[in-house]
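> here you go, sequence then predicted model.
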Amino acid sequence: MNNTITQNITWFKACRTQDVPANGGVCVKYKDDQIALFHFTRRDEWYASQNMCPHRMQMALSRGMIGTQQGEPKVACPFHKKTFSLVTGECLSGDECSIKTYPVKVEHDYVYVGITADENMEDMMV
């Protein structure tokens with residue numbers, strides 16, 4: 001027997017594809033929460049994470065530098081230079097903090113971010 005857990009995902013229209021700078025990020029709001037949205041133009045890949053850097057609780061990740069580390073897409077906080085995987089959310093700088101990541105899809109030139117139904121955005125402050 002195979003037990004599979006599925007999540008209910010709500011997709012919200014975050015922005016138009018043209019609203020996100022090439023190889024950069026923007027901050028979008030979902031209800032009262034801030035989400036950092038990134039477009040790796042060279043790879044044509046999209047990623048989303050919480051905007052708050054857990055190191056000093058600053059809303060800054062959308063302004064961070066993006067790149068890769070051993071093929072893993074990452075963002076570096078513009079203030080503290082802590083780097084986080086945009087796939088798993090783990091801190092790649094060796095710290096125990098992590099960030100929340102979200103699924104992203106693009107349809108008809110619009111970017112959508114997926115939020116799970118049971119998600120509590122306040123739990124992002126890990």
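Thanks, I have it.
> show me the residue at the heart of the chain, geometrically.
The centroid of the chain falls nearest to Ser49 when counting by Cα atoms, centre = their mean (1.8 Å).
> my read: that residue touches Val75, true?
Yes: with contact defined as Cβ atoms under 8 Å, Ser49 counts as touching Val75 (6.9 Å). Quick note: C-beta positions are derived from backbone N, CA and C, even for glycine.
> anything in contact with each of the two?
Ala36, Phe38, Leu61, Phe84, Leu86 (Cβ atoms under 8 Å, 6 or more residues apart in numbering).
> quick one: the last one from Lys31, how far?
As judged by Cβ to Cβ, to the nearest Å, Leu86 and Lys31 stand 22 Å apart.
> which among the shared contacts of Ser49 and Val75 count as buried?
Ala36, Phe38, Leu61, Phe84, Leu86 (16 or more other Cβ atoms under 10 Å).
> enumerate the beta-bridge partners assigned to the first one.
Read it as Ala36. In this structure, Ala36 bridges to Cys27, Ser49 when assessed by DSSP bridges.
> what's the neighbour count on Ala14?
Ala14: 22 surrounding residues under other Cβ atoms under 10 Å.
> part of a strand, is it?
Yes: membership of Ala14 in a strand is supported by DSSP: H, G, I helix; E, B strand; the rest coil.
> ok, and the closest non-adjacent residue to it?
Nearest residue to Ala14, sequence neighbours excluded (Cβ to Cβ, 6 or more residues apart in numbering): Val28, at 4.3 Å.
> Thr10 - how many residues pack around it?
Using other Cβ under 10 Å, Thr10 has 12 neighbouring residues.
> can you put the buried ones among the shared contacts of Ser49 and Val75 in TSV and add secondary structure?
Below are these laid out as TSV (three-state DSSP):
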residue	secondary structure
Ala36	strand
Phe38	strand
Leu61	helix
Phe84	strand
Leu86	coil
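> list just the nearest of those residues to Cys53.
Among these, Leu61 lies closest to Cys53 (Cβ to Cβ), at 5.6 Å.
> my guess is the closest one meets Ala36, correct?
Yes: Leu61 is within contact range of Ala36, at 4.3 Å (criterion: Cβ under 8 Å).
> that'll do, ta.
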